[in-house]
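*Asks:* next comes the sequence, and after it the predicted model I'd like to discuss.
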Amino acid sequence: MVRLSFLGGTREVGRNAILVESAGARLLLDYGVMLDEEPGFPAHVRATDIDGIVVTHAHLDHSGAVPIFYLTERKPVFITPITAELVRVLIKDFIKLSGYYLPFEYLELETMMRCCRDIHYGMRIRVKDMVFTPINAGHIPGSFMVDIEAGGKRILYTADINTIDTRLVRGARVPRRRYDVVIIESTYATQEHPDRRDLEEEFIKEVRSVIDEGGRVLIPAFAVGRSQEMLSILHAYGFRRNVYIDGMAREVNEIFLSYPDYLKAPRAFMKALSTVRVVRGWRDRREALKRPSIIVAPSGMLQGGTAIYYMENLALDERSGVFLVSFQIPGTGGAKLLETGRFTIGDREEEVKARVRRFDFSSHAGMTQLHDFLRGLRGEPKIYVIHGEEENCKALVDWTVEELGLEAQAPQQGDEFEV
């Protein structure tokens, strides 16, 4: 018998955590946080009651709560080497910004890092009577799905997947195996993404238009994955001058360069970075704003970071542009800008004069990709849908039942199932 316990990430986007128990082993798949004014955590599980933690990728909604287990214990963290370095950067920043609300500090993070066990795509890892294999998830460099064999059963946890190739990574492929259970994300289960090539061309057209008019383009972007994708696209379309990168993405760029095996086109990425101007301080920031330029900076949702400085300086310039390329959570500065056309500058709400556009450069599978992934599975697995707003989870469950005839449901937090 195998038991699944859904501790978080159910009918919501954030704090993913699933406990898998066999006769002899207890393996935790992710343990993330919900990023809000106060961080939200998954349901509690005692560190003494697990045999290890699998971290599928670096984003905080999958990794941010893992240091909790290192207050007293020394359990192994199974993680790709690139993800380990990215996790250190992201959680260190998370502690800096939210430490007041967190039950751990830098010491626990460093203890966790010493417990990391490097794993690679295709490797079979045994934990007592359980065996798991990481498979490329196509989400960000180093991200993976988890194929688990335990108690005569086979389980696939997709974590965050993207099935189309991007500039950075190759898309995920449907594993050619029969599963008893598939746990799948549903972030965009009710939305289609535009064709990638068409989207790139539309984005580049808008960027050129702003630059040709003497304006500046601010691209608020997540530091891990999205910033590097945007730099790669700009380079591919011939932008070689006055492209600036600021914030945490600078450190992430160096990590990506250190692990070329996790990139689809490492030489192209290296060339892209060779022409980018790295912002190293306030003098460079002021310099970037003096001429027509393209500035990639966090945060992706305009909730802080160096993007706020640039926003305050170009929001009222009709020639300039603010191009949002990341998911915008309701209530964030970016979401408010898209809804109202206004932004808080200093202590005043201002009507933004700069050109505001959103481009859907998602690193998650869209509706059609999720349907195709499920349609491509062999056998008749039971489907559990997580990592999506409630209506998205329900929509993917309904489609799976009606179109594929498979048993499917969207668990609630705390639900337990036997496989």
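*Replies:* All right, it came through fine.
*Asks:* pLDDT weak spots in this structure?
*Replies:* Counting by pLDDT under 70, the chain contains no low-confidence range.
*Asks:* could you rerun that using 90?
*Replies:* Along the chain, the parts satisfying pLDDT under 90 run over 14, 35-38, 72-73, 97, 99-100, 240-241, 303-305, 326-333, 335, 344-349.
*Asks:* quick check: Thr72 touching Leu107?
*Replies:* No. Applying Cβ atoms under 8 Å, one finds Thr72 not in contact with Leu107, separated by 11.9 Å. The C-beta positions use only the backbone N, C-alpha and C, and glycine is treated the same way.
*Asks:* residues contacting Val146?
*Replies:* Leu29, Val54, Thr56, Phe132, Thr133, Pro134, Ile135, Ile155, Leu156, Tyr157, Ala159 (Cβ atoms under 8 Å, 6 or more residues apart in numbering).
*Asks:* and Val54, how far from Ile245?
*Replies:* 31 Å (Cβ to Cβ, to the nearest Å).
*Asks:* surely Glu391 is in contact with Thr190?
*Replies:* Yes. Applying Cβ under 8 Å as the test, Glu391 and Thr190 come out as touching, 6.8 Å apart.
*Asks:* so the two - more neighbours on which side?
*Replies:* Neighbour count, other Cβ atoms under 10 Å: between Glu391 and Thr190, Thr190 has more, with 17 against 12.
*Asks:* returning to that earlier point: and the contacts of Val146, which of them are in strands?
*Replies:* The strands, defined by DSSP state E, take in Leu29, Val54, Phe132, Thr133, Pro134, Ile135, Ile155, Leu156, Tyr157 from the contacts of Val146.
*Asks:* what's opposite the first one in the beta bridge?
*Replies:* To tie it back to what came earlier, the one meant is Leu29. Note on Leu29: beta-bridge partners Ile18, Val54, judged by DSSP bridges.
*Asks:* so what's it up against?
*Replies:* Contact analysis of Leu29 by Cβ under 8 Å, 6+ apart lists Asn16, Ala17, Ile18, Leu19, Val20, Val54, Thr56, Val146, Tyr157, Ala159.
*Asks:* over to the last one?
*Replies:* Applying Cβ under 8 Å, 6+ apart, we find Tyr157 in contact with Ile18, Leu29, Thr56, Met145, Val146, Ile148, Ile183.
*Asks:* and it, how far is that from Gly333?
*Replies:* 33 Å.
*Asks:* can you give me the buried ones in stretch 96-114?
*Replies:* Under the neighbour-count criterion of 16 or more other Cβ atoms under 10 Å, stretch 96-114 has Ser98, Leu102, Phe104, Glu108, Leu109, Thr111, Met112, Met113 buried.
*Asks:* isn't the fourth one right up against Pro67?
*Replies:* In other words, Glu108. Yes. Using Cβ under 8 Å, Glu108 makes contact with Pro67 at a distance of 4.1 Å.
*Asks:* on that earlier part again, going by distance to Ile82, which of the ones in strands among the contacts of Val146 wins?
*Replies:* Comparing the ones in strands among the contacts of Val146 against Ile82 with Cβ to Cβ picks out Pro134 as the nearest, at 12.1 Å.
*Asks:* so what's the closest one bridging to?
*Replies:* Val146.
*Asks:* all further residue positions should be reported with the first residue as 43.
*Replies:* Fine by me, first position is 43 from now on; the one you just mentioned is Pro176.
*Asks:* what's around it, how many residues?
*Replies:* Around Pro176 there are 25 residues (other Cβ under 10 Å).
*Asks:* pretty sure it contacts Arg166?
*Replies:* No. Applying Cβ under 8 Å, one finds Pro176 not in contact with Arg166, separated by 9.6 Å.
*Asks:* next one: the residue nearest to Val443 when sequence neighbours are not counted relative to Glu79, how far apart?
*Replies:* The shortest distance from Val443 to any non-neighbouring residue, by Cβ to Cβ, 6 or more residues apart in numbering, is to Ala450 (5.3 Å). Relative to Glu79, Ala450 is positioned 34 Å away (Cβ to Cβ).
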